[in-house]
Every structure is written in structure tokens, then in C-alpha cells.
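Visitor: sequence below, structure please.
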Amino acid sequence: MLKKTLSVALLGSALLFAGCQSTPSSSAAEVNNLQTLQNRTWIATQIGSQMLKTNPSARNIPALQFDEATKRVSGADGCNRLMGTYQATGNTLVLSQMASTKMACIDNTLPNQFNTALANVTNYQVYNNTLKLLDRNGNLLVEFKSAKQPR
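Guide: Numbers count the residues shown, from 1 in each chain. Below you'll find the model as predicted:
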């Protein structure tokens with residue numbers, strides 16, 4: 001009887017202590033996501049299911065930069081320069097107050113697709129050198145690769 005009571009007490013204590021252990025918090029992952037997102041240039045490689053092939057030396061290729069200090073986003077849509085603000089928490093990303101220059105472009109298809117995609121962004125994922133902007137249903141809107149910095 002004593003062995004049975006002692007076994008139950010030890011098992012209960014083990015469960016109690018296991019429940020009190022801290023679990024890995026998502027805040028560390030969130031901080032890492034924010035650090036990876038911010039302060040680098042992201043060059044668009046895909047809009048929806050359409051792969052983009054751009055010459056790295058071309059002007060105004062679709063790209064974004066997220067400035068950590070000012071919480072400003074800037075970049076280009078393939079024709080015009082973009083600017084606005086952003087809020088990122090966890091895996092949520094809100095782009096707001098977006099504005100752009102109004103250049104006369106030969107073909108507005110790419111800029112229109114890019115801007116429409118940005119208007120629907122609610123979430124993001126960052127893995128190494130890849131950034132994915134997603135809609136509220138988790139569908140891919142735009143995929144980016146981090147620009148390689150010269151040494």
C-alpha cells in the first residue's frame with residue numbers, strides 16, 4: 001500500500017513539475033522573424049503563381065525594404081517608387097499609408113499585380129533568405145529573395 005501511495009505521489013509530483021517547466025516561447029521566434037524581415041532589401045521573385053525574371057541591374061525591379069527604426073517600408077513596383085508604413089507582430093504584417101510616384105510606364109501589368117498583392121497582405125513568413133507575403137487565408141501573394149550584399 002505504501003509503495004502504491006509513494007508511486008502515485010512521485011508521479012503526481014513529476015507531472016506537476018513538468019507542467020511548471022517553461023515551454024519555448026514564440027516570442028523568440030517572433031523577434032528572429034522581425035530581425036530577418038527588417039533592414040535588408042527583398043527582391044520579388046514571384047507574384048502569385050507567376051515567376052519573375054528580372055535583370056539585377058534593371059531599375060525599379062519589384063523590391064521592398066523594411067526599416068526597423070522608422071517602421072517605414074520603401075521600394076519599387078517595377079515602375080514606380082513605393083513608400084509607406086508597416087506593423088509586424090508575430091507572423092502578422094500590415095502595410096498602410098502606401099503611396100507611390102506616378103511615372104509613365106510602358107507596361108503597367110507588373111506594377112499593378114505587385115500593388116494589388118501588397119494591398120492584400122496580412123501575414124508573412126521568413127525563412128533564411130526567403131520572404132513570403134500572404135493573404136488572410138495563407139495564400140502566397142508575393143515571394144522575395146534577400147539581395148546579396150557585396151563584400
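
Visitor: what's the first helix or strand after the least confident helix or strand in the chain by mean pLDDT?
Guide: Lowest on mean pLDDT, DSSP states H and E among the helices and strands of the chain sits helix 2-20, with a mean of 51. Next helix or strand after helix 2-20 toward the C-terminus (DSSP states H and E): helix 26-37.

Visitor: list the contacts of that following helix.
Guide: With CB atoms under 8 Å, 6 or more residues apart in numbering as the contact definition, helix 26-37 has outside contacts at 66, 68, 88, 89, 90, 91, 93, 124, 125, 126, 128, 131. No exception for glycine: its C-beta is placed from N, CA and C like everyone else's.

Visitor: can you get me a residue count around the third one?
Guide: I take that to be residue 88. Using other CB atoms under 10 Å, residue 88 has 21 neighbouring residues.

Visitor: wait, doesn't it sit right on residue 124?
Guide: Yes. With contacts counted by CB atoms under 8 Å, residue 88 reaches residue 124, the gap being 7.0 Å.

Visitor: and the spatially most central residue of the chain, what's its pLDDT?
Guide: In the chain, the residue lying closest to the centroid (CA atoms, centre = their mean) is residue 124, at 3.4 Å. pLDDT recorded at residue 124 is 97.

Visitor: switch the contacts of helix 26-37 over to a markdown table; also include secondary structure.
Guide: Output for these, formatted as a markdown table (DSSP: H, G, I helix; E, B strand; the rest coil):
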| residue | secondary structure |
| --- | --- |
| 66 | strand |
| 68 | coil |
| 88 | strand |
| 89 | strand |
| 90 | coil |
| 91 | coil |
| 93 | strand |
| 124 | strand |
| 125 | strand |
| 126 | strand |
| 128 | coil |
| 131 | strand |
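
Visitor: I am finished for the moment; much appreciated.
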